[in-house]
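Asks: Here is the input, now give the coordinates:
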Amino acid sequence: SDDKSEEVRAAVTRTLGLVVAFIDDADKYNQCYDLVVSSLSDSDNVVTDSARYVFLPALAAWAYELQVLESKLLSCLLVQINNHLTKVSNSLSGNDDVDKVLRQEEVLVMWVSAYIALLPWQIASLLQSGPFAIDARPEIEEEGEFTSPAAAEPLLDLAVIVGSGDDVVRLRALFHNYTSQESWTQWKEVKWLLTDFLPKLTDFLIQLDVGLAKAVSSFVMLLHSLCTLLGRSFVNSKIRPFFNTILSPENQTDRPSSARVAALSSALLPCFVGGVLNCFPEDQSVLTSTLHKLLSYMALNVLPMESIQISFLMLSEDKRLHTALVEVLWEALRSSTVQVRCATASLIELLIKDMDETLVATRFVPALVTLASDDDMAVRVASVGGFGSLMECAKQKSLLEKAQVQLATFLDDPTYQEEHAVRVEMIKTLGRVGPNAEPVFRDQFVLPRLHSIAERNNSSTNRTKRQDIALELLEAFRTLSCCFIAADQVAEYLLPSLRCLLTDIEDIAPDSTEAIKSLISEVEAKSSSDTSSSHRTPSAAEQGAKTRFMRALMRRDSSQSLASTLALQPGQPNAPSPSPKVSTRDVRSFFRLNKQG
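Replies: The predicted structure follows:
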């Protein structure tokens, strides 16, 4: 197992799985477990896969025979998960670099996947030890309801483990009939599931940073697989109420305890939503009603919204749920509470890019228009980002024109001229949209509008507001400077804007002037090199530079998200203002890049 060749180590691992099947000496169990841990900890995926799909199931069969599957093997895997989760959490709280955190996350995901591999063995143990296992075959109306889900490997197939597909149907039907009774007696394996496994899993998920997308997804898969194997009746009577007790208040007006705040702000929420509530299509109404209640409760109590945003984002990956998610948003949109409507606006901004354009045109755009005309200014401010997202994703000219008209209104309408929050949100949105929207929109709208804001900011007499706008402009221009912009646009808008910004920075943050001067020099040099062919196609080097910058920017956003999520604490509302919203860009970029990369 210490050989340098991964093929040799993988072959040894598979051979050990075969050998374990013939060992009768129970005293050797711990040694075999140590070998499994060593194989699962290998640096090569070929070896860890061999351990997960061959060696580990073989050890599970032996543990089941020794009647220590739950007490030893599964409990030890939970200890491993906890240890690696603690390492990830410590790295986050210690502000370790992102690469280190993501490497540790990969290890954590591997151990969660190892537990998932043994779920069929856990369910087989639970079914075969029940007080009904020796009963005759029950009457079954819908046999498909109790068939075994497809397995990735034969040794993880529930039908192989218990004997046959017919045995699986019989045992699951008996389990369903028995546990559906008004009163029934729990046996050892069920008690371990409900009083040992679920509480420990809950503790893990509360500890898990919600921004760690791969880890969150792996726990969602664990819960989803478990619920699928247990069946709808047991999940609705035992599993769902267990999580509801922790997450959902009995009364929507109750102030959340510190424990409930921690649970709602953690990975527990998206894992419950994706792994339990979204397990059975027949329960979609429960899913949507719970989402609405949780969204309203969290917004009303000014809790961090990242966990509910991640929940919606994960569900939106399933196109079959799009209409249901839109209905939840519209129900929240009709809320009489400002915070709930603001939270809805942030979700629309997050989800609109993943939706079918017909749904965008018929449901999302009317929702944004409703928000933009809200009586409360905070809700209107919250709608700005949604119109920006529409500019990024829409293909229909009519939708693009609607978005542009509304964004222009936010800047030109006298109602908003003295609204500092609107101006700051517009700068953020234009800076985000600029690199991704149509070039004509960037050249004819984004750059001129930002230039106008930069000029106006030079004459601002409010130092705090001037600083806020200057810092947002700096971020926006940094992003835009990496786009290919025609030389005449650079000369007319970008460089004059940067010089206005330099004037602000020299006054309010003189230590940062060198950064602005350096950016101006870079833009001037680029403009000079492009003068001879201002409308040419950007070179491969320029495109590469842009790509590198955007990746660095996303990585930086990811790092900020990782470092800040654990530090998020519930705030207190000072006025009827929107609940604190995590940057949609941070949520989307970190969640998507982490999950895919």
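Asks: Which parts of the stretch 101-250 of the chain are helices?
Replies: All helices of the stretch 101-250 of the chain, identified by DSSP state H, counting those that start in this stretch, fall at 119-128, 158-162, 165-179, 188-192, 198-207, 213-230, 232-234, 240-247.
Asks: In this model L230 seems to touch P149, though I could be wrong.
Replies: No. The pair P149 / L230 is not scored as a contact, 11.4 Å apart, by Cβ atoms under 8 Å. Glycine gets a C-beta too; all of them are placed from N, C-alpha and C.
Asks: Which one of the two is surrounded by more residues?
Replies: A count of neighbours by other Cβ atoms under 10 Å puts L230 above the other of P149 and L230, at 24 against 13.
Asks: Would you agree the more buried one is in contact with I123?
Replies: Yes. Here L230 reaches I123: they are 7.0 Å apart, a contact under Cβ under 8 Å.
Asks: show me where pLDDT drops low in the stretch 251-400 of the chain?
Replies: Within the stretch 251-400 of the chain, no stretch has pLDDT under 70.
Asks: same thing but at 80, please
Replies: The stretch 251-400 of the chain contains residues with pLDDT under 80 at 251-254.
Asks: next one: phi and psi at the residue nearest the centre of the chain?
Replies: The centroid of the chain falls nearest to I310 when counting by Cα atoms, centre = their mean (3.8 Å). Main-chain dihedrals, I310, degrees, to the nearest 10: phi -60, psi -40.
Asks: burial of S336, as a residue count?
Replies: 6.
Asks: got it, and the one 5 residues further on?
Replies: When counting by other Cβ under 10 Å, one arrives at 25 neighbours for R341.
Asks: and it, how far is that from C483?
Replies: 33 Å (Cβ to Cβ, to the nearest Å).
Asks: Check the gap between the residue nearest to the centre of the chain and K293 for me.
Replies: With distances taken as Cβ to Cβ, I310 is found 17 Å from K293.
Asks: residues touching the nearest residue to M221 once chain neighbours are set aside, list them.
Replies: Spatial nearest neighbour of M221, excluding adjacent residues (Cβ to Cβ, 6 or more residues apart in numbering): I116 at 6.2 Å. I116 makes contacts with 218, 221-222, 225, as judged by Cβ atoms under 8 Å, 6 or more residues apart in numbering.
Asks: Farthest pair within the residues you listed?
Replies: Greatest spacing in these, by Cβ to Cβ: S218 and S225 (10.6 Å).
Asks: so where's this protein uncertain?
Replies: Ranges of the chain meeting pLDDT under 80: 1-4, 95, 133-152, 250-254, 526-597.
Asks: Contacts only, for P256.
Replies: The contact partners of P256, taken as Cβ under 8 Å, 6+ apart, are 249, 264, 297, 301, 303, 570.
Asks: Could you dump those residues into TSV with neighbour count and secondary structure added?
Replies: Output for the contacts of P256, formatted as TSV (neighbours: other Cβ atoms under 10 Å; DSSP: H, G, I helix; E, B strand; the rest coil):
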residue	neighbour count	secondary structure
P249	17	coil
L264	25	helix
Y297	22	helix
N301	22	coil
L303	25	coil
P570	17	coil
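Asks: and of the residues you listed, the nearest to F243?
Replies: For these, the nearest to F243 is L264 (11.5 Å; Cβ to Cβ).
Asks: For stretch 502-513, measure first residue to last.
Replies: 7 Å (Cα to Cα, to the nearest Å).
Asks: now what about it, what contacts it?
Replies: Applying Cβ under 8 Å, 6+ apart, the set of residues contacting stretch 502-513 from outside is 454, 457-458, 463, 466-467, 469-470, 473-474, 516-517, 520.
Asks: in that stretch, what's buried?
Replies: Buried positions in stretch 502-513, judged by neighbour count with 16 or more other Cβ atoms under 10 Å: 502-505, 508.
Asks: Around the closest residue to M314 other than its chain neighbours, how many other residues sit close by?
Replies: Spatial nearest neighbour of M314, excluding adjacent residues (Cβ to Cβ, 6+ apart): G274 at 5.0 Å. The criterion is other Cβ under 10 Å. On that basis, G274 has 24 neighbouring residues.
Asks: Just say helix, strand or coil for G274.
Replies: helix (DSSP: H, G, I helix; E, B strand; the rest coil).
Asks: circling back: go ahead and confirm the residue nearest to the centre of the chain touches L208.
Replies: No. If you go by Cβ under 8 Å, I310 and L208 don't touch, sitting 11.5 Å apart.
Asks: Give the residues shared as contacts by those two.
Replies: V216.
Asks: L350: neighbour count?
Replies: For L350, the neighbour count with other Cβ under 10 Å is 25.
Asks: just L155 next, same as before
Replies: 21.
Asks: circling back to that earlier point, could you measure from the residue nearest to M221 over to L74?
Replies: Look at I116 and L74: by Cβ to Cβ, they are 12 Å apart.
Asks: so how many other residues sit close to F484?
Replies: Neighbours of F484 using other Cβ under 10 Å come to 17.
Asks: before we move on, what SS does it have?
Replies: Strictly by three-state DSSP, F484 counts as coil.
Asks: Quick check: phi and psi at it.
Replies: Torsion angles, degrees, to the nearest 10, at F484: phi -80, psi 110.
Asks: just to revisit the earlier point, wait, which of the contacts of P256 is closest to S39?
Replies: Comparing those against S39 with Cβ to Cβ places L264 closest, at 38.0 Å.
Asks: Who are the contact partners of the closest one?
Replies: Residues in contact with L264 (Cβ under 8 Å, 6+ apart) are 247, 256, 294, 297-298, 303, 307.
Asks: Could you export these to CSV, including columns for distance to V326?
Replies: What follows is the contacts of L264, written out as CSV (distance: Cβ to Cβ, whole Å):
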residue, distance to V326
L247, 23
P256, 27
L294, 17
Y297, 20
M298, 19
L303, 23
S307, 20
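Asks: List just the nearest of those residues to Q80.
Replies: Of all the contacts of L264, S307 has the smallest distance to Q80: 25.2 Å, by Cβ to Cβ.
Asks: Report how many residues lie close to the closest one.
Replies: 28.
Asks: Quick check: it touching A263?
Replies: No. Contact criterion Cβ under 8 Å: S307 and A263 do not qualify, at 9.2 Å.
Asks: residues shared between the contacts of these two?
Replies: L269.
Asks: is it true that V381 touches M426?
Replies: No. If you go by Cβ under 8 Å, V381 and M426 don't touch, sitting 9.2 Å apart.
Asks: Angles on the backbone of D157, please.
Replies: Dihedral angles for D157 - degrees, to the nearest 10 - are phi -90, psi 120.
Asks: Run a quick neighbour tally on it.
Replies: 18.
Asks: nearest residue to it other than its sequence neighbours?
Replies: In space, D157 is closest to A151, 3.7 Å off (Cβ to Cβ, 6+ apart).
Asks: Hmm, I161 and that neighbour touching each other?
Replies: No. Shown here, A151 and I161 do not form a contact pair, counting by Cβ under 8 Å, at 9.2 Å.
Asks: and these two? which has more neighbours close in?
Replies: Between A151 and I161, I161 has the larger neighbour count (other Cβ under 10 Å), namely 24 against 16.
Asks: I'd like the distance between the more buried one and C76.
Replies: Look at I161 and C76: by Cβ to Cβ, they are 20 Å apart.
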